[in-house]
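Participant: predicted model and sequence follow; I will ask about them next.
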Amino acid sequence: MTDYLALKNGTDVRGTALKTEKGDADLTEYAVSRIATAFYLWAKNYTGKQKLTVAVGYDSRITAKTLASAVCAGITDFGGDVILTGLSSTPSMFMLLQDDFGADVSIMITASHLPMDKNGLKFFVKEGGLEGDDIRDILAAAAAPFVRSGPRGAVTECSYIEKYAAGLVEKVRAATGAETPLAGKKIVVDAGNGAGGFYVDLVLKPLGADTEGSQFLEPDGTFPNHIPNPENREAMASVCAAVKASGADFGIIFDTDVDRAGAVAPTGDEINRNRLIALISAILLEEKAGATIVTDSVTSDGLAAFIASRGGVQRRFKRGYKNVINEAKRLNAEGVYSPLAIETSGHAALAENYFLDDGAYLVTRLLIALAQKGDLESMIKDLPEPAEAEEVRLAFAPDTDFKALGGKVIDDFRAYAEEKPYLTVVPENFEGVRVNFDKEHGDGWALVRMSLHEPIMPINAESNTAGGNAAILKELYEFLKGYDFLNTENLQKIIQ
């Protein structure tokens with residue numbers, strides 16, 4: 001029997017949709033149908049309408065069409081109508097609610113960058129994506145009995161991605177005053193066989209770009225080339241090599257459902273993580289100074305200095321794209337100009353775009369600057385970058401209260417750092433504990449925190465000096481190895 005609440009993953013639903021050697025599927029067609037019904041009934045209550053039309057789209061995963069049929073059944077069995085949009089990006093499934101598409105709410109079937117056996121559901125109302133408490137309520141309702149009433153609804157098919165893409169094209173043309181502002185520019189796209197291949201034919205080519213050298217544009221849910229994920233080293237190495245091989249002026253990589261993106265300079269160097277945040281921040285601060293840029297907790301000290309040098313303020317907040325988005329919304333509501341909420345993962349949401357995390361919109365914003373300036377890398381040439389950066393993930397022993405134990409480790413490390421003269425606890429920190437190490441003991445910082453959803457303790461470390469991370473991580477290992485419920489092998493391997 002499905003444990004519906006176990007399918008909650010932050011503000012999404014995610015699970016195993018294919019039976020594998022590791023076990024059976026838990027995100028079955030039956031479960032998905034019930035979750036869709038629960039969402040439909042929740043949405044009726046939310047909107048106050050007796051009958052709704054639900055737009056349903058999906059990415060390239062091999063279970064997408066099967067689960068889409070289950071979603072449609074779960075909605076139409078209870079009187080709702082469905083517009084099936086087919087292959088879609090997650091951002092387009094929100095944007096159609098701002099249009100005259102005819103849908104009241106929407107569902108996107110995706111598990112982002114997770115392996116091919118996974119899948120999931122994202123839900124949207126016209127005001128935005130659902131919050132974690134909403135997901136919990138829907139999953140609890142999915143486990144309870146339903147009572148059918150009224151006639152069945154109907155399913156129609158209508159793609160929206162073409163209209164969504166046309167809106168991006170028009171934005172570039174309006175900003176640049178040219179029909180083909182990317183003429184003479186070669187731009188390479190790596191869609192990782194996800195849903196982002198549309199960006200080449202529907203956005204770049206109409207703007208005049210040469211897209212020769214683009215790769216993995218065909219949807220293929222087995223992801224035969226690399227994981228569609230801008231944070232994945234293999235994926236980034238692949239698109240960087242493609243940019244260099246084709247002599248491109250710019251490279252773009254999307255995740256599976258296109259709510260995240262990364263970029264590549266003509267040199268083949270990544271514009272990712274801190275560099276990506278710096279670039280879009282520089283563009284926005286050039287347009288209007290004084291902005292507060294909300295980021296996640298693992299950004300470098302150099303990024304804060306860079307944003308300050310452009311007349312802005314960085315607010316380093318909790319990881320989780322909904323966390324940074326909600327913080328930026330809160331600041332704006334209090335009168336603090338905050339145009340951007342962005343994670344190092346590539347999730348970026350702009351106030352001008354409904355605070356929607358949209359990888360295609362982010363790179364479109366970058367392309368406007370590219371068309372106007374001809375060069376983007378020069379905008380971040382003075383970004384102070386660490387000599388070394390590392391993330392290590394430590395697992396908790398099975399069947400432990402990892403949240404309570406992790407909280408104790410973090411509190412203990414804070415107390416430990418406060419007693420050491422060469423360590424300084426960063427005062428304004430919203431997640432875990434961030435500690436600065438002086439020049440003689442690593443010349444950098446470390447952040448010890450808890451994963452949002454998994455029994456994992458990630459440790460991020462950066463040093464301004466080559467070899468400094470070894471000193472930082474060695475000190476952490478010596479401190480953490482005494483906790484028998486924490487597997488420190490990954491940390492030990494690095495320092496050895």
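Facilitator: Sure, I can see it.
Participant: and Gln423, how many neighbours?
Facilitator: Wrong residue type there; residue 423 is Leu, not Gln. Counted by other C-beta atoms under 10 Å, the residues lying close to Leu423 total 19. Quick note: C-beta positions are derived from backbone N, CA and C, even for glycine.
Participant: and the residue lying closest to it once chain neighbours are set aside, what is it in contact with?
Facilitator: In space, and not counting its chain neighbours, Leu423 is closest to Ala417: 4.2 Å by C-beta to C-beta, 6 or more residues apart in numbering. Neighbour list for Ala417: Leu423, Thr424, Val425, Val433, Val435 [criterion: C-beta atoms under 8 Å, 6 or more residues apart in numbering].
Participant: closest one of those residues to Ile325?
Facilitator: Val433 (23.9 Å; C-beta to C-beta).
Participant: on the three-state scheme, Ala282 is what?
Facilitator: helix (DSSP: H, G, I helix; E, B strand; the rest coil).
Participant: distance check, it against Gly10.
Facilitator: With distances taken as C-beta to C-beta, to the nearest Å, Ala282 is found 30 Å from Gly10.
Participant: more crowded one of the two?
Facilitator: Neighbour count, other C-beta under 10 Å: between Ala282 and Gly10, Ala282 has more, with 21 against 15.
Participant: quick one: contacts for that one?
Facilitator: Phe306, Arg310, Met379, Ile380.
Participant: by neighbour count, which of those residues wins?
Facilitator: Within the contacts of Ala282, Phe306 tops the neighbour count with 24 neighbours, counted by other C-beta under 10 Å.
Participant: can I assume that residue is in contact with Leu383?
Facilitator: Yes: counting by C-beta atoms under 8 Å, Phe306 touches Leu383, with 4.8 Å between them.
Participant: next, show the common contact partners of these two.
Facilitator: Common neighbours of Phe306 and Leu383 (C-beta under 8 Å, 6+ apart) are Ala278.
Participant: still on that earlier bit, so the residue nearest to Leu423 sits in a helix?
Facilitator: Yes: under three-state DSSP, Ala417 sits within a helix.
Participant: mind listing the strands for the stretch 1-150 of the chain?
Facilitator: 8-9, 12-16, 53-58, 81-87, 105-109, 118-125, 128-129 (DSSP state E, counting those that start in this stretch).
Participant: what's in contact with stretch 16-26?
Facilitator: 2-3, 6-7, 15, 27-28, 61-63, 67, 111, 116-119.
Participant: picking that back up, can you lay out the strands of the stretch 1-150 of the chain as TSV showing mean neighbour count, distance to His441 and mean pLDDT?
Facilitator: Converted to TSV, the strands of the stretch 1-150 of the chain look like this (neighbours: other C-beta atoms under 10 Å; distance: least, C-beta to C-beta, whole Å; pLDDT from 0 to 100):
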stretch	mean neighbour count	distance to His441	mean pLDDT
strand 8-9	20	38	94
strand 12-16	23	40	96
strand 53-58	26	50	98
strand 81-87	21	52	98
strand 105-109	28	47	98
strand 118-125	23	41	98
strand 128-129	20	42	96
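Participant: CSV for those, including distance to Tyr46?
Facilitator: Shown next, in CSV, are the strands of the stretch 1-150 of the chain (distance: least, C-beta to C-beta, whole Å):
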stretch, distance to Tyr46
strand 8-9, 18
strand 12-16, 17
strand 53-58, 12
strand 81-87, 17
strand 105-109, 8
strand 118-125, 6
strand 128-129, 12
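Participant: tell me which of the ones you listed sits nearest to Phe94.
Facilitator: Of the strands of the stretch 1-150 of the chain, nearest to Phe94 by C-beta to C-beta is strand 118-125, at 4.6 Å.
Participant: what pairs with the residue nearest the centre of the chain across the strands?
Facilitator: Note on the chain: the residue nearest the mean C-alpha position is His347, at 3.7 Å, using C-alpha atoms, centre = their mean. Beta bridges link His347 to Arg260 when assigned by DSSP bridges.
Participant: before we move on, back to that, just among the contacts of Ala417, which is most surrounded?
Facilitator: Val435 (26 neighbours).
Participant: tell me how far the residue nearest to Leu423 lies from Val426.
Facilitator: Taken as C-beta to C-beta, the span from Ala417 to Val426 is 10 Å.
Participant: before we move on, what about Ala371?
Facilitator: Taken as C-beta to C-beta, the span from Ala371 to Val426 is 39 Å.
Participant: comparing these two, which residue is more hemmed in?
Facilitator: Set Ala371 next to Val426 and count neighbours by other C-beta under 10 Å: Ala371 wins out with 23 against 15.
Participant: nearest residue to that one in space, please, no chain neighbours.
Facilitator: Pro181 (3.9 Å).
Participant: OK, contacts around that neighbour?
Facilitator: Val172, Arg173, Leu207, Gly208, Ile368, Ala371.
Participant: and those, which are buried?
Facilitator: Val172, Arg173, Leu207, Ile368, Ala371 (16 or more other C-beta atoms under 10 Å).
Participant: okay, those in TSV with distance to Phe39 and pLDDT next?
Facilitator: Formatted as TSV, the buried ones among the contacts of Pro181 follow (distance: C-beta to C-beta, whole Å; pLDDT from 0 to 100):
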residue	distance to Phe39	pLDDT
Val172	35	98
Arg173	37	98
Leu207	37	98
Ile368	36	98
Ala371	40	97
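Participant: what's the closest of the residues you listed to Asn274?
Facilitator: Among the buried ones among the contacts of Pro181, and counting by C-beta to C-beta, the member closest to Asn274 is Ile368, at 21.6 Å.
Participant: that closest one should be in a helix, yeah?
Facilitator: Yes: assignment of Ile368 by three-state DSSP places it within a helix.
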